Structures are given as C-alpha cells and as structure tokens.
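1. Sequence first, predicted model second:
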Amino acid sequence: MDLPLQVIVNNEIETKRIAEKFALLLKEGDKVLLNGDLGTGKTFFVKNVCVKYGIDTVTSPTFSIVNEYTGQKKIYHFDFYRIKKTVELFDIGFEDYMKDREAIIFIEWAELVPEVLPKKCYTIQFNYINETKREIFIKKNE
C-alpha cells in the first residue's frame, strides 16, 4: 500500500480489504489516529486490522475509553468521543500506554484532544458519502 492513499469504498468488503492491507504496514510502537463522523467506519476498520493479528474480540471503547487486545500483536484501542477534559486521559494512565513500544495504538475521535497526540503517526480520515460509500484518506506523519 502506497501512502498517502485516498480512496472511495463502496461497501464494507472494500473497507475490510483496505484495513487488511493497512495492517501489513504496522509495526510495534505505531500510533494510528482515526477521525470521522459517527457511523463512518472507524471501529469497523480497527476490527478488521485486528483480525489480521488473530484478534476477533474488538468492540468500541466509547464507554471504557480504552480496550486492550492481545493476539499476534498487542493493541490499545482508545475512543476519545466522551472525553471532556485532558485530565481524564491522564487518570487512566494514557501516558503509560503511549510509551509502550510493544503495542500498536489506535485512537478514534483523535481530533477531540489534539494536545495529547503524537506527531509521528498514521492518520485516517473517514468521510461519509452515502449509506454504503465512504471516502478513506490515509497518510503517514513522520
């Protein structure tokens, strides 16, 4: 997969294929920021990346803030949707999660707390087109 990538997907099958290809790029210590409106496919994308690592228990961390998964890789999956203040992240040990060089970290709704985000990361933007179509834009920030 060459980056940056900007693609229109017509259905979940095409989104799954993009997620599977993206999974091949990731290595331990990588951070992935996912942005887009409700229902645009952020959690679905993470779920399909994780399937490539033998993880089939992915759920949205909206209420828990973070879910941890272990398979062929260790994954931390954050959701900032309900975060009101940055201190909430520090209360759950966010800094320690971010320092774990053995884990891949996904952060949904990353744009809501920009002050804690890493500069070196992948960013994925999901844009709603219609009930089944989405535009996905993936880039790597060095």
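-> Sure, I can see it.

2. My read is that K52 contacts L24, right?
-> Yes: between K52 and L24 there is a contact under C-beta atoms under 8 Å: 7.5 Å. The C-beta positions use only the backbone N, C-alpha and C, and glycine is treated the same way.

3. which of these two has more neighbours?
-> K52 (17 against 9; other C-beta atoms under 10 Å).

4. which residues sit in contact with that one?
-> 19-20, 23-24 (C-beta atoms under 8 Å, 6 or more residues apart in numbering).

5. Show me what the helix or strand of the chain with the lowest mean pLDDT is in contact with.
-> The helix or strand of the chain with the lowest confidence, counting by mean pLDDT, DSSP states H and E, is helix 86-91 at a mean of 93. Applying C-beta under 8 Å, 6+ apart, the contact partners of helix 86-91 are 65, 80, 83, 113, 115-116.

6. Report the buried residues of the helix or strand that comes right after that helix.
-> Downstream of helix 86-91, the next assigned helix or strand under DSSP states H and E is helix 94-99. For helix 94-99, a neighbour-count test (16 or more other C-beta atoms under 10 Å) marks 94, 97-98 as buried.

7. Quick check, central residue of this structure?
-> F106 (3.6 Å; C-alpha atoms, centre = their mean).

8. outside of the host helix or strand of that residue, which residues touch it?
-> According to DSSP H and E, F106 maps onto strand 103-108. Outside strand 103-108, the residues that touch it by C-beta under 8 Å, 6+ apart are 26-34, 42-43, 46, 49, 60-61, 73-81, 97-98, 117.

9. Of the contacts of helix 86-91, which pair is most distant in space?
-> I65 and E115 (16.4 Å; C-beta to C-beta).

10. the more surrounded of these two?
-> I65 (18 against 6).

11. Pull the contacting residues for that one.
-> Contacts of I65 (C-beta under 8 Å, 6+ apart): 78-80, 82-83, 88-89, 92.

12. Give me the buried subset of those.
-> Counted by 16+ other C-beta under 10 Å, those give 78-80, 83, 89 as buried.

13. Could you export these to a markdown table, including columns for secondary structure and distance to Q125?
-> Listed next are the buried ones among the contacts of I65 as a markdown table, based on DSSP: H, G, I helix; E, B strand; the rest coil; distance: C-beta to C-beta, whole Å:
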| residue | secondary structure | distance to Q125 |
| --- | --- | --- |
| F78 | strand | 17 |
| D79 | strand | 16 |
| F80 | coil | 15 |
| I83 | coil | 19 |
| L89 | helix | 22 |
